[in-house]
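Engineer: from the sequence below, what's the structure:
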Amino acid sequence: MKNYCIAVILLIAQNAFAQVNEQEKIDKDVWLNFMQAYQDLDATLFNQIHTDDVIRVSADGGNMYIGQEYKDRNLDNFNRWNAQKVKQRIEFSFLKRIQKGGWAYEIGIYKLTRYNATGSKSYYGKFNVTLKKASDIWRIYIDSDTNEGDTIGEGDFQKGDVLNH
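Structural biologist: Next up, the predicted model:
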């Protein structure tokens, strides 16, 4: 019985450790690259963290973009930001992270801070993403966000687990 209990504890610990390692891989493959792309205004890097058949839903705008249509919009946005010499930083706070096999579902709050000569302004929103792992790389498959009528703020951001960068 003692050996059985030890085996069960080791199995649980191994599964928990594997889950943590996979979460770190998601952070590296997706979220840290997302943050870097926004900071560097790098549309290529940003598009690489999405699957080719990505589905992007802007809940507030009532819009949906699929695949290359979304990636082309990203190129336009990043080109415009580069032309305007936008300085920005995006951060993520996670409320729920679930992963099973090659799929993950994450809910959180983003904080986008834009800088100018007079200071900075932060914008917040709630995101829901489904991630898909292919060829040992995690990518965003479905991405949806909302600012819930501008009711999301710093307090909501601080409630989650903030990704350290």
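Engineer: and the strands in this protein?
Structural biologist: Secondary structure of the chain (DSSP state E): strands at 50-58, 63-66, 87-100, 103-116, 119-134, 137-146, 161-162.
Engineer: name every strand pairing with the fifth one and say which way it goes.
Structural biologist: Meaning strand 119-134. When pairing is defined by DSSP bridges, strand 119-134 lines up against strand 103-116 (antiparallel), strand 137-146 (antiparallel).
Engineer: same check on the shortest one?
Structural biologist: As defined by DSSP bridges, the strand partners of strand 161-162 come to strand 87-100 (antiparallel).
Engineer: what's in contact with the strand it pairs with?
Structural biologist: 19, 22-23, 26, 31, 34-35, 38-39, 81, 104-116, 127, 131, 156-163, 165 (C-beta atoms under 8 Å, 6 or more residues apart in numbering). Backbone N, C-alpha and C define where each C-beta goes, glycine included.
Engineer: in CSV, list the C-alpha atoms belonging to that strand.
Structural biologist: Taking Å, rounded to 0.1, in the frame of the first residue of the first chain, the C-alpha atoms of strand 87-100 are listed here in CSV:
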residue,chain,number,x,y,z
LYS,A,87,5.8,53.5,-29.0
GLN,A,88,3.8,50.9,-27.1
ARG,A,89,3.9,48.0,-24.7
ILE,A,90,1.4,45.2,-24.2
GLU,A,91,1.2,43.1,-21.1
PHE,A,92,-0.9,40.1,-20.1
SER,A,93,-2.6,39.0,-17.0
PHE,A,94,-4.2,35.5,-16.9
LEU,A,95,-7.4,34.6,-15.2
LYS,A,96,-7.7,31.0,-16.4
ARG,A,97,-5.3,28.7,-18.3
ILE,A,98,-6.4,25.3,-19.4
GLN,A,99,-4.3,22.9,-21.5
LYS,A,100,-4.9,19.4,-22.7
